[in-house]
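Undergrad: generate a structure from the sequence data that follows.
(one chain, ligands or ions: 1)
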Amino acid sequence: MPELPEVEVVCQGLAPHLIGRTLLAITHSGKKLRCPFPRAAVKKYGINATVTAVKRRAKYLLISLDNGALIVIHLGMSGKLCLMRPEEPLRPHDHVRVRLDSGQELRLNDARRFGLFDLLPPAEAANPKWLRELGPEPFDQAFTADYLHEKSRGRKTPIKNLLMDNRVVVGIGNIYASESLFDARVSPLKPAGEVSLAALKRVVAGSRKILNQAIAAGGTTISDFVNSAGESGYFQLQLMVYDRAGQPCRACQGPIRKVVLGGRSTFYCPRCQR
Ligand SMILES: [Zn+2]
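TA: Here you go, the predicted structure:
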């Protein structure tokens, strides 16, 4: 599943190819994604509009148009965006094609179809329905230990689940939550309400550090992404705990343990993380 770092890299990779370009055509396979294809809005606001900005919010990609409309894309479980020449044959699961005046075509390919392609009219673009109720970005100044402290008091939910709750903070997915908590030396199982302010400081710093490392690792794949089939997947981070059950902890050599929390595999070192 594409996570925040992947979407950030896609955003950074796409921006120079999209900004200033005019959209000549937007076509759809007819297969339903997360919402129905916004046919009327595409016709009215999409065609012949020019892209003014490409941004990311949580795992949503936001493409602003010069008429005030907004294209919202989410990659869901298996979505990939790639730029290719329009004459390249359609591949299975190429569901949305956006033809640009540069001679390139942006394609949303999504085998499992949990992805989203929406085009919001100017009146809805200022407060996109998909983004309501989202917490702050991990890199936002609003995401602090004090903020997490306030959100977590009295909560018995494990700290890992709190970190993965989009209403608390966006974009910390399963792998990055496990890795961030290892960096912070905090057990993922610990009830959120019992994590001290000092430990929450390490959690905030650890989350940013791990996400930044992943974005930096992904930065080297930008050229692949724009030129080829848009292979995504997790960036080549050296994982400290994730998917390492039974293997020695890279810090203390003790065995990494796996538990299931909220239905998600969770990995930690019981010696290093309290
Ligand atoms: Zn350890």
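
Undergrad: could you use CA atoms for every contact and neighbour count after this?
TA: Fine.

Undergrad: what segments of the stretch 151-274 of the chain are strands?
TA: Ranges of strands in the stretch 151-274 of the chain, per DSSP state E, counting those that start in this stretch, are 257-261, 264-268.

Undergrad: can you tell me the element Leu62 falls in?
TA: strand 60-65 (DSSP states H and E).

Undergrad: just Leu14 next, same as before
TA: Using DSSP H and E, Leu14 sits within helix 4-18.

Undergrad: which residues touch the strand holding Leu62?
TA: 7, 11, 46, 49-56, 70-75 (CA atoms under 8 Å, 6 or more residues apart in numbering).

Undergrad: please name the residues that touch Ile215.
TA: Going by CA under 8 Å, 6+ apart, Ile215 touches Pro5, Glu6, Glu8, Val9.

Undergrad: please spell out which residues along whichever strand or helix holds Arg99 are buried.
TA: For Arg99, the host element (DSSP H and E) is strand 94-100. Within strand 94-100, the residues scored as buried using 16 or more other CA atoms under 10 Å are Asp94, His95, Val96, Arg97, Val98, Arg99, Leu100.

Undergrad: test my guess that Gly246 contacts Gln253.
TA: No: look at Gly246 against Gln253 with CA atoms under 8 Å: they stay out of range, at 10.4 Å.

Undergrad: distance between the ends of stretch 251-261?
TA: 23 Å (CA to CA, to the nearest Å).

Undergrad: can you give me the offset of that stretch from its chain's centre?
TA: Computed by CA atoms, centre = their mean, to the nearest Å, the chain-centroid distance of stretch 251-261 equals 26 Å.

Undergrad: what residues does that stretch touch?
TA: Contacts to stretch 251-261, defined as CA under 8 Å, 6+ apart, come from residues 161, 189, 241, 244-249, 265-272.

Undergrad: list the contacts of whatever residue of the stretch 1-150 of the chain ends up closest to the ion.
TA: Across the stretch 1-150 of the chain, no residue is closer to the ion than Ala145, which sits at 23.8 Å (CA to the ion). Residues near Ala145 by CA under 8 Å, 6+ apart: Leu197, Ala198, Leu200, Lys201, Val203, Val204.

Undergrad: and of these, the nearest to the ion?
TA: Closest approach between the contacts of Ala145 and the ion, by CA to the ion: Val203, at 16.6 Å.

Undergrad: Pro16 versus the closest one, what's the distance?
TA: Distance, Val203 to Pro16, by CA to CA: 34 Å.

Undergrad: quick one, which of those two is more surrounded?
TA: Per other CA atoms under 10 Å, whichever of Val203 and Pro16 has more neighbours is Val203, with 26 against 12.

Undergrad: now do the same contact list for the more buried one.
TA: Applying CA under 8 Å, 6+ apart to Val203 gives the contacts Ala145, Ser180, Leu181, Asp183, Ala184, Val186.

Undergrad: swap in Gly76?
TA: Residues in contact with Gly76, defined by CA under 8 Å, 6+ apart, are Met1, Pro2, Arg113, Phe114, Gly115, Leu116.

Undergrad: burial count for the last one?
TA: It refers to Leu116. The local packing of Leu116 (other CA under 10 Å) involves 23 other residues.

Undergrad: look at it and report its pLDDT.
TA: The model reports Leu116 with a pLDDT of 96.

Undergrad: which strand residues bridge it?
TA: Note on Leu116: beta-bridge partners by DSSP bridges are His74.
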